[in-house]
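Asks: Quick one, fold the following:
(one chain, ligands or ions: 1)
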Amino acid sequence: MEFKHSHALGQNFLTDKNLLSAIVADAGVLPSDTVVEVGAGMGALTRPLAQTGARVIAFEIDTRLEEYLRPLEAEFPNLTVIFGDFMKSSPEVIPGKFKAVANLPYYITTPVLFRFLEDERCESVTVMVQKEVAERIVAPPGGKDYGVLSVSCQLSGKPRITRIVGRQMFSPPPNVDSAVAHIEVLNAVRDEKVRAVVKSAFAMRRKTLSNCLASSGYDKAKISSALMALGLDPSVRGERLSPNQFIKLAELL
Ligand code: SAM
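Replies: Residues are numbered from 1 along each chain as shown. As a prediction, the model looks like this:
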């Protein structure tokens with residue numbers, strides 16, 4: 001029987017072998033790596049990942065896909081497929097450092113990205129996401145696309161879009177185009193203080209940074225002196241600050 005794709009689970013599958021190998025190349029997977037894939041689907045990306053010789057741990061929520069993924073697991077001793085919701089999985093099923101590589105289901109892109117960025121064992125993230133999300137990931141300060149996701153990814157290193165992928169490359173085709181984003185993960189994003197400052201800075205888009213921080217409970221006098229020390233106008237908005245300025249602001253507060 002033909003497989004009935006679930007829209008709710010974001011089941012837009014890839015088939016183009018050149019594109020799939022290009023994604024694996026974008027991720028820079030080495031045989032000595034451990035790779036975590038979220039959403040293995042029918043194994044289109046899982047196969048070239050396993051072919052690198054790396055240890056691959058692939059998550060898939062839909063048990064109807066066992067029919068495709070169990071044989072793949074039998075073919076590659078370096079592949080483990082875990083059936084279940086990645087967001088509910090225990091971190092211990094990943095044994096140590098890893099690279100995340102995935103064609104992410106759209107409905108859950110941001111929480112999965114944050115889970116990777118905040119996991120201190122994650123070395124890099126290479127993910128297919130909606131083009132508009134990839135644009136937010138790399139957005140420079142000041143524009144409408146710049147927000148918590150941009151700062152968090154940019155605190156993590158220098159994210160880049162490695163390729164734009166048209167909707168026609170997916171089966172079934174979604175309503176939007178996609179892009180592959182690659183992020184080398186560094187440590188700043190894992191600093192709780194920095195994360196808290198970034199989240200409150202963008203909590204209320206039309207308020208000044210100072211008001212946002214005060215509403216989150218930061219001391220008003222400290223906020224003013226920190227802004228002054230950074231040479232920032234007291235009425236500056238969060239979207240004007242670079243990731244580095246957020247790190248300094250968190251130190252001063
Ligand atoms: N990797 C395959 C490909 O590129 O053809 C499939 C990608 S498809 C965009 C996303 C996959 O994620 C679907 O197979 C879907 O069932 C699975 N998925 C959705 N939510 C999930 C979750 N919470 N945990 C694990 N897998 C999930």
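
Asks: Write out the residues of the stretch 51-200 of the chain neighbouring the ligand.
Replies: Within the stretch 51-200 of the chain, the positions lying close to the ligand (Cβ under 6 Å from any ligand atom) are 59-62, 85-87, 103, 105, 108. Backbone N, C-alpha and C define where each C-beta goes, glycine included.

Asks: ok, which stretches of the chain are strands?
Replies: 13-14, 34-38, 55-60, 79-83, 98-103, 122-130, 160-165, 170-171, 178-184 (DSSP state E).

Asks: so who does residue 157 touch?
Replies: Going by Cβ atoms under 8 Å, 6 or more residues apart in numbering, residue 157 touches 183-186.

Asks: From residue 205, how far off is residue 238?
Replies: Distance, residue 238 to residue 205, by Cβ to Cβ, to the nearest Å: 8 Å.

Asks: contacting residues around residue 232?
Replies: Neighbour list for residue 232: 209, 240-241, 245 [criterion: Cβ under 8 Å, 6+ apart].

Asks: Filter these down to just the buried residues.
Replies: Buried residues within the contacts of residue 232, counting neighbours by 16 or more other Cβ atoms under 10 Å: 209, 241, 245.

Asks: Ramachandran coordinates for the second one?
Replies: Right, residue 241. phi -90, psi 140 (degrees, to the nearest 10).

Asks: so it touches residue 201, yeah?
Replies: Yes - counting by Cβ atoms under 8 Å, residue 201 is a contact partner of residue 241 at 7.1 Å.

Asks: where do the contact lists of those two overlap?
Replies: residue 209.

Asks: Could you dump the strands of the chain into JSON lines with mean pLDDT and mean neighbour count added?
Replies: Listed next are the strands of the chain as JSON lines, based on pLDDT from 0 to 100; neighbours: other Cβ atoms under 10 Å:
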{"stretch": "strand 13-14", "mean pLDDT": "97", "mean neighbour count": "18"}
{"stretch": "strand 34-38", "mean pLDDT": "98", "mean neighbour count": "24"}
{"stretch": "strand 55-60", "mean pLDDT": "98", "mean neighbour count": "24"}
{"stretch": "strand 79-83", "mean pLDDT": "98", "mean neighbour count": "18"}
{"stretch": "strand 98-103", "mean pLDDT": "98", "mean neighbour count": "26"}
{"stretch": "strand 122-130", "mean pLDDT": "96", "mean neighbour count": "23"}
{"stretch": "strand 160-165", "mean pLDDT": "98", "mean neighbour count": "16"}
{"stretch": "strand 170-171", "mean pLDDT": "96", "mean neighbour count": "17"}
{"stretch": "strand 178-184", "mean pLDDT": "96", "mean neighbour count": "22"}
